[in-house]
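J.: here you go, sequence then predicted model.
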Amino acid sequence: MINRRTFATAAFAFGVSALAFAMPASAQTKWNLPAAYPADNPHSENLVLFAKDVEAATSGKLQITVHPGASLFKAPEIKRAVQSGQAQMGEVLLSIHENEDPIFGVDVVPFLATSYPDAMKLYKASKAAIEKKLDAQGIKLLFMVPWAPQGIYTKKEINTFEDLRGLKWRSYNVGTSRLGEIAGMQSVTIQAAELPQALATGVVNSFMSSGGTGYDSKVWESLTHFYDTQAWIPKDATFVNKATFNALDKATQDAILKAAATAEERGWKMWQEKAGWYLDQLKAKGMKVQAPSAALASGFKKAGEQLTADWLKKAGAEGQAIVDAYKKM
C-alpha cells in the first residue's frame with residue numbers, strides 16, 4: 001500500500017524528471033569568447049556589441065560572454081582553446097600563428113597593403129584560403145577586423161635604419177621577429193597584455209604596432225617617439241569551434257552569421273575613425289609623432305623587400321596567387 005509520504009515523493013520525482021526533460025527546448029546556451037585586448041579597445045568593444053546582437057537575435061537563447069585583456073587565455077593560447085573546445089569562440093591577431101601556416105601572416109607582409117582600401121582588397125583576396133585552413137583545424141572563421149597602420153615606437157630619435165641596432169625590440173609574430181633580426185635588434189617575444197610591464201621594467205624599449213596598442217599600453221610613460229611608417233595593417237580574426245557551431249539549430253547559426261557580418265563592417269569603420277584619434281592622444285601625452293626620415297624609410301623599404309621575399313618563399317604558389325589576385329583588384 002502506498003502511503004501519503006511515498007506518493008508525495010514519487011510525485012516530486014516525476015515533476016523534477018518532467019522539468020529536466022523539458023529544459024533543453026527553452027534552456028539558455030552560454031558561450032565564452034576570450035580576447036587578447038583591453039575592454040576599451042575597439043576590438044573588444046566590437047565583440048561586446050556582437051555578443052549583444054546575437055543575444056537579441058536569439059531572444060536570449062544564446063549568450064556570449066566576452067573575456068577581454070587575455071583574462072581567460074593568453075593571446076597565443078586562444079586559438080588552441082577554441083580548437084580543443086575549451087572555449088566556444090575566440091578572437092586573436094591571426095598573424096601570431098604564421099608559424100603554423102604562412103597564409104596566416106599575409107596581412108603583415110611589409111608595405112603590401114598600407115591603406116584601409118588596400119587592406120580590404122587583400123582580405124578579400126586571402127579570405128577563402130584562410131577559411132579553408134581554419135576549417136581543416138576545426139575552426140569556422142566568422143569575421144576579421146583591422147588595426148591601425150603600424151609604426152615604430154622608440155625611446156630615442158631614429159634617423160636611419162642603422163639607428164635601430166642594439167635596441168631591445170618587442171616581437172609578437174614572425175614578421176616582427178625577422179625585422180628585429182635584420183635590423184640587429186635584441187628581440188623579445190611579448191604579447192599585448194604583457195607589454196605595459198615589459199616597457200615599465202625595461203625589458204623592451206622599442207616595438208612596432210598601431211597607435212591603439214601604444215595607447216592601451218600607456219607607452220608615453222616609457223618611450224618618447226613614434227614613427228608612422230605605415231608598414232602594414234594587421235587583422236584580428238574572430239572564430240568559433242566548427243563542431244559547436246554545427247550543433248546549433250539553423251536559426252541560431254543564421255543569427256550568428258548575420259551578427260558577424262554586422263560586426264565586421266562596424267569594426268572596419270571603428271578603426272578607420274579612431275586611427276587618427278590614437279595618434280592625437282599620443283601627441284597630447286607628449287610623444288613625438290612623425291613620419292620617418294627619407295633615410296629611415298629607405299632602410300625599411302629594403303628590409304620590407306627581404307621580408308616579402310621570405311614570406312613568398314614560405315607561402316609558395318598559394319601565397320603568390322593571393323598576392324597576384326590582390327594586385328589585380
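T.: The structure has been received and is ready for your questions.

J.: hey, let's count contacts and neighbours off CA atoms from now on
T.: Will do.

J.: residues making contact with stretch 34-46?
T.: 66-75, 78, 87, 89-92, 145, 192-193, 212, 216, 236, 263, 266-267, 270-271 (Cα atoms under 8 Å, 6 or more residues apart in numbering).

J.: in ChimeraX, how would I select just the buried ones from the residues you listed?
T.: Here the buried members of these are turned into a ChimeraX selection, burial being counted by 16 or more other Cα atoms under 10 Å:
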select :66,67,68,69,70,72,73,74,75,78,87,89,90,91,92,145,192,193,212,216,236,263,267,270,271
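
J.: after the lowest-mean-pLDDT helix or strand in the chain, which helix or strand is next?
T.: When each helix and strand of the chain is scored by mean pLDDT, DSSP states H and E, helix 4-26 comes last, with a mean of 40. Once the chain leaves helix 4-26, the next helix or strand it forms, by DSSP states H and E, is strand 29-34.

J.: in that following strand, what counts as buried?
T.: 32-34.

J.: would you tell me which one of those residues comes nearest to Leu248?
T.: Asn32 (15.5 Å; Cα to Cα).

J.: so what's the nearest residue to the closest one once chain neighbours are set aside up against?
T.: Distance criterion Cα to Cα, 6 or more residues apart in numbering; nearest residue to Asn32, sequence neighbours excluded, is Thr65 at 5.0 Å. Applying Cα under 8 Å, 6+ apart, we find Thr65 in contact with 30-33, 48, 51.

J.: dump these into a markdown table; add pLDDT as well.
T.: Shown next, in a markdown table, are these (pLDDT from 0 to 100):
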| residue | pLDDT |
| --- | --- |
| Lys30 | 97 |
| Trp31 | 98 |
| Asn32 | 98 |
| Leu33 | 98 |
| Val48 | 98 |
| Ala51 | 98 |
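
J.: which stretches of the stretch 201-329 of the chain form helices?
T.: Remark: helices assigned in the stretch 201-329 of the chain by DSSP state H, counting those that start in this stretch are 211-216, 242-246, 250-284, 294-328.

J.: quick one: which of the ones you listed is nearest His225?
T.: Using Cα to Cα, these put helix 250-284 closest to His225, at 9.3 Å.

J.: what's that closest one packed up against?
T.: Helices and strands touching helix 250-284, by 3 or more Cα pairs under 8 Å, 6 or more residues apart in numbering; DSSP states H and E, are helix 42-57, strand 139-146, helix 211-216, strand 288-290.

J.: rebuild these as JSON lines, extending it with distance to Gly299.
T.: Output for the helices and strands packed on helix 250-284, formatted as JSON lines (distance: least, Cα to Cα, whole Å):
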{"stretch": "helix 42-57", "distance to Gly299": "32"}
{"stretch": "strand 139-146", "distance to Gly299": "25"}
{"stretch": "helix 211-216", "distance to Gly299": "22"}
{"stretch": "strand 288-290", "distance to Gly299": "16"}
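
J.: so which of these comes closest to Asn99?
T.: Ranking the helices and strands packed on helix 250-284 by proximity to Asn99 (Cα to Cα) places strand 139-146 first, at 17.3 Å.

J.: much appreciated, bye for now.
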